[in-house]
Structures are given as structure tokens and as C-alpha cells.
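[1] coords please:
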Amino acid sequence: GGPCGGKTTALARVSSYLRERGFEVTMAPEAFTILAANGMSMNFFSTKGMDVVVQTTVLDVQLALENGLEKILRARGKPSVLLCDRGVMDGSAYLDPECFTRILEERSFMDYSSAREGRYDAVFHMVTAADGAREYYT
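    The predicted model follows:
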């Protein structure tokens, strides 16, 4: 979901709901935000080809976060849920389909489906509150 789509609120509520029912819950943060908060500037995109470099890096960081947290939860051996603020498919919105498919294939995903349905048990698509009210959001 985009800005004001309710992602943060939904994650907090789902996390609380699951914890109340005995699940251990861990959340994988958004990789792009981690990179941006640690010095990756939007100015980087002015360099030719950086869109691919940045999206590849975001994907690699997201995969590492998700895989590492899943490993930790599995080692605990208790009922658990890993909630992801974003997923590996996010980069597909910023790159042409052929380029993104190649990046996925380089990471052993056979296609978009294996990166979505093959990786996640559920995916929730949020709609921004700004949809249809663009003049109120800048």
C-alpha cells in the first residue's frame, strides 16, 4: 500500500491479535526505509542505471531480513508468524517487467508467482486514503 494506506496500523493490530492468541510475532521492516535512513539518498537515482542497482539491493536486503527472521522463529520451535512491512515484489513497481524478472531469476525465483505465492502465506494489498483525494496529500 501507498502512503496513508494503513500498513502501520494494520501491522500493529494483526501483531497484537496474534500475540493474544499465543503466537510469537516478528516483523520484517521495509528494506528501502532501512537503506534510506542510513544514507542512501534519492539523489543516487540521478546516476544512470542506479534504479536497477538500488532495487536489486533493496531486494537482497529484504530477502536477508525475511530469511534471517524466519530462521530465528523456526529455531524457537513455537507457533509463530513473520509479518513483513513490504515484500520482495515491491521492486516490480519501479522496474520494467523484463528487468525485474531477470533479477528474480538471478535469485532462484522462477517467476513472479514463485516470489509471491511461493514465498508468502498471505499478502494484503492496501489502498491509500489519498486515492481520489490527491489534492489533500503532498
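[2] C-alpha only now, for contacts and for neighbours.
    Noted.
[3] So which residue is dead centre in the protein?
    Among the residues of the chain, the one closest to the centroid is Arg86, at 2.0 Å (Cα atoms, centre = their mean).
[4] Leaving out sequence neighbours, find the closest residue to it.
    Nearest residue to Arg86, sequence neighbours excluded (Cα to Cα, 6 or more residues apart in numbering): Glu30, at 5.3 Å.
[5] Please report how far that neighbour lies from Arg13.
    18 Å (Cα to Cα, to the nearest Å).
[6] coming back round to it: need the contact list for the residue nearest to Arg86.
    Counting by Cα atoms under 8 Å, 6 or more residues apart in numbering, Glu30 makes contact with Gln62, Cys84, Asp85, Arg86, Gly87.
[7] Now do the contacts for the fourth one.
    It stands for Arg86. Ala28, Pro29, Glu30, Ala31.
[8] In helices only, show me those residues.
    Judged by DSSP state H, the contacts of Arg86 include Ala31 as members of helices.
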